[in-house]
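K.L.:
I would like the atomic coordinates for the input below:
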Amino acid sequence: VGSWNIEWFGSPAAGPTNEELQARRVGEVLRDAELDLWQLSEVVSEPRFRELLAANPEYGGLLSSESRVENGSLFYTSNEQKVALVYRKATLRLLSARVVLTDYDIEFAGRPPMEARFAVTGPAGQSWSLTVLALHMKARQDSDSWSRRQRAGEGLKRHLDARAPNEPILVVGDWNDDVLASLVEGVASPYAAFVADAERYAFTTRPLSEAGVRTMPYLERPVDHHLATRPMADRAVPGSAAALPVFELMTDFEETVSDHAPVVSRYSF
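P.N.:
Numbering: from 1, shown residues only. Okay, here's the model as predicted:
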């Protein structure tokens, strides 16, 4: 599983200025990583997203503004940042999708999560269900932004607490803060309630926080994370959480592709 904020993807008004180069390099990362599932943040251009899928035909994709996403077009428009899911069609089959937590639209900075249900087929033919929430929290390191992230996190936890305890769920994306200590100086993580509820949840990317791995070059703590309910967390492969070393491999990555590194985690069934 991967998550990646691809910084105003396809927008001529913001982000990297060479749209063709950005799209080509995003496609190269998705293809070379060979993951089963990606969550993407800041997808602006639907045509660029469709081109990305067309260049990688083994993958299907879902954009939060699509008509097949319940409530999607009510909360996401064509020219704004959207969340997306890209999935290997041989492994995952989309069953349904909806935008959730819409009462917290302001707390999510106008980007409420997209929740999708999948039927998953393993390499030995085994099958199971998986629910994935594509997340993009409020940015910035001021007290109001921290409070909005905390309220959005509280709403998210209530939403997940109401689910069956044996349901495998992943919440992946750009959390815009760390899970062990906030980027806002002197305060706790806005997601401390999830960390404290270890019986139900685990951030499978917590090792990145413990090691001080950066997912944005100019921030000292990681802000891109994967949250798993206990049935998924128990399947996490130890040591698999990583931020791909794109900034080291490509010196102009931040200027041409994104200011975030892709973050990955693995699960064994």
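
K.L.:
and S11, what helix or strand is that in?
P.N.:
Taking DSSP states H and E as the definition, one finds S11 inside no helix or strand.

K.L.:
what segments of the stretch 101-250 of the chain are strands?
P.N.:
Taking DSSP state E, counting those that start in this stretch as the criterion, the stretch 101-250 of the chain carries its strands at 114-121, 127-136, 169-174, 201-203, 224-229, 242-243.

K.L.:
counting by contacts, list what the first one packs against.
P.N.:
In this case it means strand 114-121. For strand 114-121, the packing partners by 3 or more C-beta pairs under 8 Å, 6 or more residues apart in numbering; DSSP states H and E come out as strand 82-88, strand 92-99, strand 127-136. Placement of C-beta: from N, CA and C, glycine included.

K.L.:
what comes up buried for it?
P.N.:
Residues of strand 114-121 classed as buried: 114-116, 118, 120 (neighbour count, 16 or more other C-beta atoms under 10 Å).

K.L.:
need those in JSON lines (columns: pLDDT).
P.N.:
As requested, the buried residues of strand 114-121 are exported to JSON lines (pLDDT from 0 to 100):
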{"residue": "M114", "pLDDT": "98"}
{"residue": "E115", "pLDDT": "98"}
{"residue": "A116", "pLDDT": "98"}
{"residue": "F118", "pLDDT": "98"}
{"residue": "V120", "pLDDT": "95"}
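
K.L.:
what is the nearest of the residues you listed to G153?
P.N.:
Closest approach to G153 among those (C-beta to C-beta): E115, at 15.6 Å.

K.L.:
wait, isn't the closest one in contact with L130?
P.N.:
No - at 11.4 Å, E115 does not count as touching L130 under the criterion of C-beta atoms under 8 Å.

K.L.:
can you check the pLDDT for A228?
P.N.:
A228 carries a pLDDT score of 98 in this model.

K.L.:
ok, it to A242 distance?
P.N.:
16 Å (C-beta to C-beta, to the nearest Å).

K.L.:
please say which of those two ends up with more neighbours.
P.N.:
A228 (24 against 17; other C-beta atoms under 10 Å).

K.L.:
who's that one bridged to?
P.N.:
Counting by DSSP bridges, A228 is bridged to L170, A202.

K.L.:
so it makes contact with A236?
P.N.:
Yes - counting by C-beta under 8 Å, A228 does reach A236; the two are 6.6 Å apart.

K.L.:
shared neighbours of the two, anything?
P.N.:
Common contacts of A228 and A236, defined by C-beta atoms under 8 Å, 6 or more residues apart in numbering, comprise 202, 204, 267.

K.L.:
need the contact list for R206.
P.N.:
Contacts of R206 (C-beta under 8 Å, 6+ apart): 179-180, 195, 241.

K.L.:
before we move on, back to that, A164: which of the buried residues of strand 114-121 is nearest?
P.N.:
If you rank the buried residues of strand 114-121 by distance to A164 using C-beta to C-beta, E115 comes first, at 14.7 Å.

K.L.:
what sits against that closest one?
P.N.:
97-100, 131-134.

K.L.:
same check, this time on L227
P.N.:
Contacts of L227 by C-beta under 8 Å, 6+ apart are 170-172, 191, 194, 201-204.

K.L.:
so which of these wins on neighbours?
P.N.:
Of those, with other C-beta under 10 Å as the count, V172 tops at 29 neighbours.

K.L.:
hmm, back to that, would you reformat the strands of the stretch 101-250 of the chain as a markdown table and include distance to D144?
P.N.:
Below are the strands of the stretch 101-250 of the chain laid out as a markdown table (distance: least, C-beta to C-beta, whole Å):
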| stretch | distance to D144 |
| --- | --- |
| strand 114-121 | 25 |
| strand 127-136 | 17 |
| strand 169-174 | 18 |
| strand 201-203 | 24 |
| strand 224-229 | 21 |
| strand 242-243 | 28 |
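
K.L.:
many thanks, we can stop here.
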